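Colleague: sequence-free structure coming up:
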């Protein structure tokens, strides 16, 4: 068992913002029970995920995408009201870590993925206010099709691609989630390919104009990495049961 205050201190120390201007509140968003005996992690604080947390009888839910964002109108009504009600009614505390969980060097969505896929010569990539969120590195020389296949196996998600670069690849850059606009930064970095979660119309042209290979593996799929790793880490380090709650989201 651990108290909520002790857990908050540990999580904030593990996942600091390091001065990055984020789009949301990082840390404790909803305060629940004082004593914690069971936890869960997830990608997003959707109503489905919260219901799964209720069914699993957890005391804490830790997500990448929380409830409160800068662009929101924070009236407590509709679906947001229902989410907050379910959490408070069942005494479940909600923590959210957005960019801190993207950029963590061993548990984050980007570096953990690169380590898992055996990239070498890992270096920071994708800067926000001078602080890197993503990662770049080297892979054994392989074709674009081989790279795509390996990414689809790792992320368990079909890739949407724009193969504007060289046929054979040795260098890649990665920023999980909605970072398709960083394709230009990847091109300027001289890598053979850029990996992210989502895509939009301009990326198709940019990939061919900038002569770089582009791979989108799904916003949610590329951001399961960190929450899964965090659940395993908390299980091991705190000796408190912590599970990853997955939900179908093809986007």
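Modeller: Structure received. These numbers were taken from a predicted model, which means no experiment stands behind them. Residues are numbered from 1 along each chain as shown.

Colleague: in the stretch 1-150 of the chain, which spans are helices?
Modeller: Using DSSP state H, counting those that start in this stretch, the helices of the stretch 1-150 of the chain run over residues 4-14, 47-55, 78-89, 99-103, 111-116, 144-155.

Colleague: chain center to the first one: distance?
Modeller: Going back to what we said before, that points to helix 4-14. The chain centre lies 19 Å from the centre of helix 4-14; the measure is C-alpha atoms, centre = their mean, to the nearest Å.

Colleague: which secondary structure elements does it contact?
Modeller: strand 27-30, strand 35-36, strand 60-65, strand 93-96 (3 or more C-beta pairs under 8 Å, 6 or more residues apart in numbering; DSSP states H and E). The way it works is simple: take the backbone N, C-alpha and C, and place the C-beta from them, glycine included.

Colleague: who does the last one pair up with?
Modeller: So that's strand 93-96. Paired neighbours of strand 93-96 in the sheet (DSSP bridges): strand 27-30 (antiparallel), strand 60-65 (parallel).

Colleague: looking at the ones you listed, which is closest to residue 190?
Modeller: Closest approach to residue 190 among those is made by strand 60-65 (29.7 Å; C-beta to C-beta).

Colleague: Now distance to residue 36 too, for the helices of the stretch 1-150 of the chain, in JSON lines please.
Modeller: Listed next are those as JSON lines, based on distance: least, C-beta to C-beta, whole Å:
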{"stretch": "helix 4-14", "distance to residue 36": "6"}
{"stretch": "helix 47-55", "distance to residue 36": "13"}
{"stretch": "helix 78-89", "distance to residue 36": "14"}
{"stretch": "helix 99-103", "distance to residue 36": "19"}
{"stretch": "helix 111-116", "distance to residue 36": "24"}
{"stretch": "helix 144-155", "distance to residue 36": "31"}
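
Colleague: and those, which is most packed in?
Modeller: Each of these was scored by mean neighbour count; the highest is helix 99-103, a mean of 26, by mean count of other C-beta atoms under 10 Å.

Colleague: And the contacts of that one?
Modeller: Under the criterion C-beta atoms under 8 Å, 6 or more residues apart in numbering, residues 15-18, 20, 22, 26, 64, 107-111, 128, 131-134, 175-177, 223, 226-227, 230 lie in contact with helix 99-103.

Colleague: just to revisit the earlier point, with distance to residue 241 and mean pLDDT as new columns, can the helices of the stretch 1-150 of the chain be given to me in TSV?
Modeller: Listed next are the helices of the stretch 1-150 of the chain as TSV, based on distance: least, C-beta to C-beta, whole Å; pLDDT from 0 to 100:
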stretch	distance to residue 241	mean pLDDT
helix 4-14	13	97
helix 47-55	13	98
helix 78-89	19	97
helix 99-103	20	96
helix 111-116	21	98
helix 144-155	26	98
